[in-house]
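Asks: Have a look at this prediction, sequence included:
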Amino acid sequence: MAEPQPAPTAVVAPPPGTAAQKAVALVAGRWDLVLRLGLLGIILVLGAYFAIRSPVFLSVDNLQNIGRQMAVFGIIAVGETFVIITAGIDLSVGSVLGITAIVCALELAHGWPLLLALATPLLLGAGIGMFNGILIDTQKLPPFIVTLGMLSILRGITEMMGGGLDITFNPSGFTDFGINLTFGIPNLFLVLAGVCIVAGVLLHFTRLGRHIYALGSNYEGSRLAGIKVRSTTLIVYTISGLCAAIAGILLTSRLSLGDPNAGTGYELDAISAAVLGGASLFGARGTILGTFMGVLLVNMIANGINLLNVDAFFSRVVEGVLLIAVVWVDQWRKRRLAQ
Amino acid sequence: MVAARQSQDEPVLEALGIGKRYGSVSALENVDFEAYPAEIVALLGDNGAGKSTLIKILSGAVRPDTGTIKLHGREVEFHGPRDARESGIETVYQDLALAPDLDVASNLFLGRELLMSGPLGLLGFVNRRAMRQQAEEHLKGLRVRLNSARQTVDTLSGGQRQSVAVARTVLWGKDIVILDEPTAALGVAQSGMVLQLMQEIRSHGASVIFISHNMPHVFEVADRMIVLRNGRRVGTLLPGASMEQAVSLMTGAIGEHVAGLPPA
């Protein structure tokens, strides 16, 4: 051991000098917060606009309606957020929703016990997600290709299972659940809130959450730091599949039938909601709160435009413009930061 | 061939008779290497002299054809980088180690997160406050200056990043740190920061193996310089040596020998 050395006169590094530099660093460090506040601003301004233009918009009925519509798509977007943070992508979520919805409906139509009709789709969804994860991290296949293939495979199986027809079953407590309210809040929205809380805690307060961000930020560095990168990848895709299965069950409950086309195109909506909420397809960025706000915004736009009697397809246009604008602002920030 | 050292210390890391061939090309031939506790030992050599092969062998990435490696006097065999890391040898590669989107504290504890005590800890909840506090203390102890341990790494300067990567190896209790060209992409002030940190971790008892093309940087901090040429160790220089001597050894203008005066 060396003796303690006399304190060097020169200090290692003078911290960045000017107040302006410090401010830039501060904003850069809090960028997620800035972005969320911006998104909140957009939601409030658009909400105010719809409220002024349509007296129905802020009615309890309509708000409950938005809450119900948000739930299915929101839960998928939460699962997708996990995958996106690791710099991956899951295109199979819409088809996982479809197959789990049909499996759930078929089991109910054949009079299976409710517990089983809930458990099998959940296991199926998680299993499909895990299979995606295995192909991606042990076989080193690109996530885009694996999940795109799975999108097609699962949709095909789903259509074959029900002969392309809706699967009907007798109404029960299960179907009531999707329509009923608890303390004035739609049950479906409560499930979404529950999923968001569990996901948010997992992502932001646990070791697994740290590792998920680290993986998206620097895969090789994470591996060198001793993070189990493979099992983390596996867990992330499993979570995504599980979320899609929860959404499939909820949709079956809300519609009181199994629709083999359910969830078609949802993967892209889920990705754009996550990205609107600050997630980056390059990884390591994204929060559950942000994704929730992205989902809220997309649903609010669709709902408001509907109420204003504007062509419903116009909401797709607005969503697309917003998506590009948000990512453009983020890139602009990155360029500024790089300077 | 090995310089007489003032210290009575045993080498913490010792490689004897290391040889490595790639096909018909001999990358290393019968090379000895030793690093003592609390020492900065530099590895000098022109391109192709065998520096990186030797470093890869010491960090477990490449297995030598011949020779033995001793750690704390005990013979060891590395089957991969993980083995070397677990034995306390950490290699810091430029810009490879850190997660730029995570904050400094998270990076310092990457893969070794501190958990909450009690049931929350069992569920995997991390203790952010403890990590931040320990990170700040640790960096302060090493005289690394940052605005805050909450800054994300991508807002840091190159020198600060390198410093965080180096500081992490010490926090992880590594007693041998290999730095491969740590100042290559850095400006003067930034390089100064990293060189100072190297001296700081030496004073904490770690041995630093320093590979650099930058002769002034090497002469500024190294306690010993081991010179390789054409896969052989051709000499050992002590701080009293001149840069001209080093260059002649590296290029073969003078033969194998030990140059320089032992430090006073």
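Replies: Arrived safely. Numbers count the residues shown, from 1 in each chain, chains lettered A, B, ... in the order given.

Asks: Tell me how far residue B:88 lies from chain A.
Replies: 14 Å (CB to the nearest CB, to the nearest Å). Backbone N, C-alpha and C define where each C-beta goes, glycine included.

Asks: What of residue B:92?
Replies: Counting by CB to the nearest CB, the separation of residue B:92 from chain A is 10 Å.

Asks: and that residue, what does it touch?
Replies: Neighbouring residues of residue B:92 by CB atoms under 8 Å, 6 or more residues apart in numbering or on different chains: B:162, B:165-166, B:169, B:177-180, B:182.

Asks: and if we set it to 7 Å?
Replies: By CB atoms under 7 Å, 6 or more residues apart in numbering or on different chains, the residues touching residue B:92 are B:165-166, B:169, B:177-179, B:182.

Asks: For it, give me phi and psi.
Replies: phi -100, psi 110 (degrees, to the nearest 10).

Asks: Verify the contact between residue B:102 and residue B:152 for me.
Replies: Yes. At 6.4 Å, residue B:102 and residue B:152 qualify as touching, with contact defined as CB atoms under 7 Å.

Asks: Would you mind listing what in the stretch 1-150 of chain B touches chain A?
Replies: Proximity of the stretch 1-150 of chain B to chain A is confined to B:38, B:96-102, B:106, B:110-111, B:113, B:115, B:124-126, B:143-145, B:147, B:150 under the rule CB under 7 Å from any CB of the partner chain.

Asks: Give me every residue in the stretch 101-250 of chain A lying close to chain B.
Replies: Counting by CB under 7 Å from any CB, the stretch 101-250 of chain A sits next to chain B at A:205-208, A:210, A:213-214, A:217-218, A:220-222, A:224-227.

Asks: Throw together a PyMOL command that grabs the buried residues out of those residues.
Replies: Of those, the buried ones go into a single PyMOL selection, burial set by 16 or more other CB atoms under 10 Å in any protein chain shown:
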select buried, chain A and resi 205+206+207+208+210+213+214+217+218+221+222+224+225+227
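
Asks: Surely residue A:284 is within a helix?
Replies: No. Going by DSSP: H, G, I helix; E, B strand; the rest coil, the assignment for residue A:284 is coil, not a helix.

Asks: Tell me how many other residues surround it.
Replies: Residue A:284 has 23 neighbours, counted by other CB atoms under 10 Å in any protein chain shown.

Asks: swap in the one 10 residues further on?
Replies: For residue A:294, the tally of surrounding residues (other CB under 10 Å) stands at 31.

Asks: Do I have it right that it meets residue A:276?
Replies: Yes. At 3.6 Å, residue A:294 counts as touching residue A:276 under the criterion of CB under 7 Å.

Asks: And the contacts of stretch A:264-283?
Replies: The contact list for stretch A:264-283, computed with CB under 7 Å, 6+ apart, reads A:32, A:35-36, A:39, A:73, A:76-77, A:80-81, A:84-87, A:89, A:91, A:93-94, A:97, A:151, A:216-217, A:285-287, A:290-291, A:293-295, A:297-298, A:319, A:322-323, A:326-327.

Asks: Helices of the stretch 151-264 of chain B, residue ranges please.
Replies: Using DSSP state H, counting those that start in this stretch, the helices of the stretch 151-264 of chain B run over B:158-171, B:188-203, B:215-221, B:243-251.

Asks: out of the ones you listed, deepest packed?
Replies: Mean neighbour count (mean count of other CB atoms under 10 Å in any protein chain shown) peaks for helix B:158-171 among the helices of the stretch 151-264 of chain B, with a mean of 24.

Asks: tell me the angle it makes with helix B:188-203.
Replies: 10 degrees (axes from the mean of the first three to the mean of the last three CA atoms, to 10 degrees).

Asks: anything in helix B:158-171 near chain A?
Replies: Yes. Counting by CB under 7 Å from any CB, chain A has neighbours in helix B:158-171: B:159-160.

Asks: Could you tell me how far that helix lies from the centre of the chain?
Replies: 11 Å (CA atoms, centre = their mean, to the nearest Å).

Asks: other SSEs contacting it?
Replies: strand B:89-92, helix B:104-108, helix B:128-141, strand B:176-180, helix B:188-203 (3 or more CB pairs under 7 Å, 6 or more residues apart in numbering or on different chains; DSSP states H and E).

Asks: Same list (the ones you listed) but as JSON lines, adding mean pLDDT.
Replies: Below are those laid out as JSON lines (pLDDT from 0 to 100):
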{"stretch": "strand B:89-92", "mean pLDDT": "85"}
{"stretch": "helix B:104-108", "mean pLDDT": "91"}
{"stretch": "helix B:128-141", "mean pLDDT": "89"}
{"stretch": "strand B:176-180", "mean pLDDT": "89"}
{"stretch": "helix B:188-203", "mean pLDDT": "87"}
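
Asks: Now render the ones you listed as JSON lines, adding distance to residue A:175.
Replies: Shown next, in JSON lines, are the helices and strands packed on helix B:158-171 (distance: least, CB to CB, whole Å):
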{"stretch": "strand B:89-92", "distance to residue A:175": "59"}
{"stretch": "helix B:104-108", "distance to residue A:175": "45"}
{"stretch": "helix B:128-141", "distance to residue A:175": "43"}
{"stretch": "strand B:176-180", "distance to residue A:175": "64"}
{"stretch": "helix B:188-203", "distance to residue A:175": "65"}
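
Asks: Select, out of these, the one closest to residue A:256.
Replies: Closest to residue A:256 of these, according to CB to CB: helix B:128-141, at 45.1 Å.

Asks: Can you check what angle separates that closest one from helix B:188-203?
Replies: 100 degrees.

Asks: Residue A:52: neighbour count?
Replies: 10.

Asks: quick check, it in a helix?
Replies: Yes. The assignment for residue A:52 by three-state DSSP puts it in a helix.

Asks: Could you tell me how far it is located from residue A:315?
Replies: Residue A:52 sits 18 Å away from residue A:315, going by CB to CB, to the nearest Å.

Asks: Run a quick neighbour tally on residue A:183.
Replies: Residue A:183, neighbours per other CB under 10 Å, totals 5.

Asks: quick one, phi/psi of it?
Replies: Main-chain dihedrals, residue A:183, degrees, to the nearest 10: phi 50, psi 40.

Asks: same check, this time on residue A:257
Replies: Per-residue torsions, residue A:257: phi -160, psi 160 (degrees, to the nearest 10).

Asks: Next: residue A:222.
Replies: According to degrees, to the nearest 10, residue A:222 has phi -60, psi -40.

Asks: Setting aside sequence-adjacent positions, which residue approaches it most closely?
Replies: residue A:214 (4.4 Å; CB to CB, 6 or more residues apart in numbering or on different chains).

Asks: The closest residue in space to residue A:138 that isn't next to it in sequence: neighbour count?
Replies: Distances taken as CB to CB, 6+ apart put residue A:230 closest to residue A:138, at 7.1 Å, once the chain neighbours are dropped. When neighbours are counted by other CB under 10 Å, residue A:230 registers 14.

Asks: same question, residue B:37
Replies: Neighbourhood size, residue B:37 [other CB under 10 Å]: 19.

Asks: For the stretch 51-200 of chain A, just list every one of the strands.
Replies: Assigned by DSSP state E, counting those that start in this stretch, the strands in the stretch 51-200 of chain A fall at A:167-168, A:181-182, A:185-186.
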